[in-house]
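K.L.:
Below are the sequence and a predicted model for it; my questions follow.
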Amino acid sequence: MSAICNYIKPQTLVETLLLLSDNDDAHIISGGTDLLLQIQRERYQNCLLIDINGITELIGISLTKSGLWIGAATKLSEIVSSEQLIGAFKVIGYAASLIGSPQIRNMASIGGNLCNASPSADLSAPLLVLDTQAEITSAKEKRIVPLSEFFIGPSKTIIQAGEMLTALHIPSPEHKAVATYYKHSTRRAMDLAIVGVSALLWRIEDKHYARIGLSAVAPTPIRVYQAEQLISGVKCIDDKLISEIAKLASEACCPINDVRASIEYRQTMVQALIKKALIDVCTQLGLDWELDKWQNQSF
Amino acid sequence: MAKSILLIVNKREYQLDIEPDELLVDILRDRLNLTGTKKGCGSGDCGACTVLIDGIPVVSCLTLGIAVEHKEITTIEGLSQESDLTILQKAFVDNGAIQCGYCTPGILMMSKALLDENPDPSDEDIKIALSGNLCRCTGYRKIFTAIKVASKFNLGDGL
């Protein structure tokens, strides 16, 4: 490794926050599966690594009536196998199961996956549709920020010097909601999403509401609010509506050309995956009779 | 700034001066001469460097040595007792699950972790468990067979 780093493993959150406030060159390390590669690529030099493994205040998953709490240092493997993830929250465990490999999931944390701020982070889209709130803490204060405001660019978040992500608060959907996540990648393991689509659907009386989150199609993971509006309050979801939503959502994307896919391919695939995701959540909600005509149609 | 730490590898204790940026795979291979653990990609993709930390499989190329002080580290050298191969290792030999052998230590560590947790894995369970271990020779079929054979033996069905 090319950078020389100092390393400290504090025992408590308070100690961690003091170390963070006293050292401008400090970086939090949990699994290190992204950070160590970046250090090797000399993105960071002479930094202090603060290892948060073992700080119990930052680890765990707990479900209450108001919602789900996940500590930032919770390993992905714990999230994958957690029995606390019920109903729409199951999508978090499913998305976590698509990240890396078993070894990587034993090391990497949910906080690391988000703080790395990859536009294609698998947990980002499902957590966005679940209206996740990020708890950001410094030695002085704690602030709660919607995840939709957390990412500001590739590898960039709103976390300031002296602050760290400490937990995620995911409110319980008020009405029985269903969720899904579609990841398009060439391999099922150790691969990044070419396009990621998550959808959440719920019904109040006979009206439907949805949230749609996308990853790998913009500089940050995004919600597509305008497209979501098309479904808001609608009684009957049909193929025409789903096509319109997919088209409008794809227009909100600004993907890049890279080794994984071209702009055009991503724009096409995001539409196809939004349709699939919406049909999936409609089916989960028992709406399949309205979608018969889709069954033999290819994307 | 080097720090003196205690590493427990295969139940043996080593007191070592370690730089904060030294990777576990390099410490095992270059400092402790435990060269059974292979360094493949160096970026966590290939699984060749898989070791167990407190029984849990991780990639040692993305693990800082300094971060695993006092933890139980198990490498391929720690699988067998003295010169006897384990049932799992014998199953790999008997079923031709080894060709060039470079991925084998990592795959054996991952397979051990799988069987410890799930003594009777399905093909799908094995597929998921080995999804982070690349083998470019065997096509995985003989590896799957070896793990199945070892699991049947462990379950008392005999070889």
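P.N.:
Yes, it's here. Residues are numbered from 1 along each chain as shown, chains lettered A, B, ... in the order given.

K.L.:
show me where pLDDT drops low in the stretch 101-250 of chain A?
P.N.:
Filtered on pLDDT under 70, the stretch 101-250 of chain A yields no residues whatsoever.

K.L.:
what residues are up against the residue in it positioned nearest to chain B?
P.N.:
Closest residue of the stretch 101-250 of chain A to chain B, Cβ to the nearest Cβ: residue A:101 (2.2 Å). (Each C-beta comes from the backbone N, C-alpha and C, glycine too.) Neighbour list for residue A:101: A:189-190, B:44, B:47, B:131-133 [criterion: Cβ atoms under 8 Å, 6 or more residues apart in numbering or on different chains].

K.L.:
and those as TSV, adding secondary structure?
P.N.:
Below are the contacts of residue A:101 laid out as TSV (DSSP: H, G, I helix; E, B strand; the rest coil):
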residue	secondary structure
A:189	coil
A:190	coil
B:44	coil
B:47	coil
B:131	coil
B:132	coil
B:133	coil
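
K.L.:
on that earlier part again, and the nearest residue to the residue of the stretch 101-250 of chain A closest to chain B once chain neighbours are set aside, how many neighbours?
P.N.:
Leaving out its chain neighbours, the residue that sits closest to residue A:101 by Cβ to Cβ, 6 or more residues apart in numbering or on different chains is residue B:132, at 2.2 Å. By other Cβ atoms under 10 Å in any protein chain shown, 24 other residues sit near residue B:132.

K.L.:
ok, residue B:132 - contacts?
P.N.:
A:100-104, A:189-190, B:45, B:47, B:50, B:59, B:110.

K.L.:
Tell me which entries of those residues lie within helices.
P.N.:
Counted as lying in helices by DSSP state H, out of the contacts of residue B:132, are A:102-104, B:110.

K.L.:
Identify the farthest-apart pair in those residues.
P.N.:
Farthest apart among those by Cβ to Cβ are A:104 and B:110. That separation is 12.1 Å.

K.L.:
which residues sit in contact with residue A:157?
P.N.:
A:114-115, A:117, A:150-151, A:165.

K.L.:
How about it, nearest residue that isn't a chain neighbour?
P.N.:
Residue A:157 sits nearest to residue A:117 (Cβ to Cβ, 6+ apart), 5.0 Å away.

K.L.:
Can you classify the one you found by secondary structure?
P.N.:
coil.

K.L.:
coming back round to it: nearest to residue B:22 among the contacts of residue B:132?
P.N.:
Using Cβ to Cβ, residue B:59 comes nearest to residue B:22 of the contacts of residue B:132, at 15.2 Å.

K.L.:
Need phi/psi at the residue in chain B that chain A sits nearest to.
P.N.:
Using Cβ to the nearest Cβ, residue B:132 is the residue of chain B that sits closest to chain A, at 2.2 Å. Here is the backbone geometry of residue B:132 (degrees, to the nearest 10): phi -110, psi 20.

K.L.:
And the helices in chain B?
P.N.:
B:24-26, B:87-94, B:104-117, B:123-129, B:141-154.

K.L.:
can stretch B:26-46 be found next to chain A?
P.N.:
Yes - contact of stretch B:26-46 with chain A (Cβ under 8 Å from any Cβ of the partner chain) involves B:42-45.

K.L.:
Most neighbours among those, which one?
P.N.:
residue B:44 (28 neighbours).

K.L.:
who's in contact with it?
P.N.:
The contact partners of residue B:44, taken as Cβ under 8 Å, 6+ apart, are A:33, A:37, A:100-101, A:103-104, B:59, B:61-62.

K.L.:
Now the buried members of the residues you listed.
P.N.:
If you count burial by 16 or more other Cβ atoms under 10 Å in any protein chain shown, the buried members of the contacts of residue B:44 come out as A:33, A:37, A:100-101, A:103-104, B:59, B:61-62.

K.L.:
Save the residues you listed as JSON lines, and put in distance to residue A:70 too.
P.N.:
Formatted as JSON lines, the buried ones among the contacts of residue B:44 follow (distance: Cβ to Cβ, whole Å):
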{"residue": "A:33", "distance to residue A:70": "18"}
{"residue": "A:37", "distance to residue A:70": "24"}
{"residue": "A:100", "distance to residue A:70": "18"}
{"residue": "A:101", "distance to residue A:70": "21"}
{"residue": "A:103", "distance to residue A:70": "21"}
{"residue": "A:104", "distance to residue A:70": "18"}
{"residue": "B:59", "distance to residue A:70": "24"}
{"residue": "B:61", "distance to residue A:70": "27"}
{"residue": "B:62", "distance to residue A:70": "22"}
